[in-house]
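1. Got a predicted model here, sequence first, then my questions.
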Amino acid sequence: MNGWIIVGMLVISNIFMTFAWYGQLKLQEMKVISSSTPLVAIILLSWAVALFEYLFMVPANRYGFTGNGGPFSLLQLKVTQEVISLLVFTVFTIVFFKGEALHWNHFLAFFLLITAVYLVFMES
């Protein structure tokens, strides 16, 4: 399967993951739910959203893995997923939580993450 399709599936998966994990904080800020909302309800809501994460993550890993004919080694898949996860989280934070700001150390961290991806894809 084309590597860009796999990356696209990982991006979509991570969008759902980020909303499943952190969307409840925005809902609380918007007064849709409160801090007294039972944790069980929050967990069930998060699981419902996370189902869509799995609908993209599992196939991306299955079809993206070289052992199944895909273009990526296991390490390449994992490092790519982690970088995508952090990028999606950063965009989510900037868009939905206006009080959060990026600083020089965040940009340095992103540079180092991109360096990590380069190193993982580099031929030995």
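-> Good, I have the coordinates.

2. chain center to the host helix or strand of residue 18: distance?
-> Counting by DSSP states H and E, the element that carries residue 18 is helix 3-29. For helix 3-29, the distance from its own C-alpha centre to the chain's C-alpha centre is 5 Å (C-alpha atoms, centre = their mean, to the nearest Å).

3. what helices or strands is that helix leaning on?
-> Helices and strands touching helix 3-29, by 3 or more C-beta pairs under 8 Å, 6 or more residues apart in numbering; DSSP states H and E, are helix 39-64, helix 74-96. Heads up, the C-betas are built off the backbone N, CA and C, glycines and all.

4. Residues contacting the helix or strand hosting residue 112, please?
-> Using DSSP H and E, residue 112 sits within helix 104-121. Outside helix 104-121, the residues that touch it by C-beta atoms under 8 Å, 6 or more residues apart in numbering are 75-76, 79-80, 82-83, 86-87, 90.

5. Quick check: the gap between the nearest residue to residue 72 once chain neighbours are set aside and residue 100.
-> Using C-beta to C-beta, 6 or more residues apart in numbering and skipping residues adjacent in sequence, the residue nearest residue 72 is residue 64, 4.8 Å away. Distance of residue 64 to residue 100, computed by C-beta to C-beta, to the nearest Å: 31 Å.

6. Show me the shaky parts of this structure.
-> By pLDDT under 70, the weakly predicted segments of the chain are 124.

7. dump the residue contacts of residue 25.
-> Residue 25 touches residue 97, counting by C-beta under 8 Å, 6+ apart.

8. mind listing what the nearest residue to residue 92 once chain neighbours are set aside touches?
-> Excluding its sequence neighbours, the residue lying closest to residue 92 (C-beta to C-beta, 6+ apart) is residue 18, at 4.8 Å. Neighbouring residues of residue 18 by C-beta under 8 Å, 6+ apart: 85, 88-89, 92.

9. swap the cut-off to 7 Å and go again
-> The contact partners of residue 18, by C-beta atoms under 7 Å, 6 or more residues apart in numbering, come to 88-89, 92.
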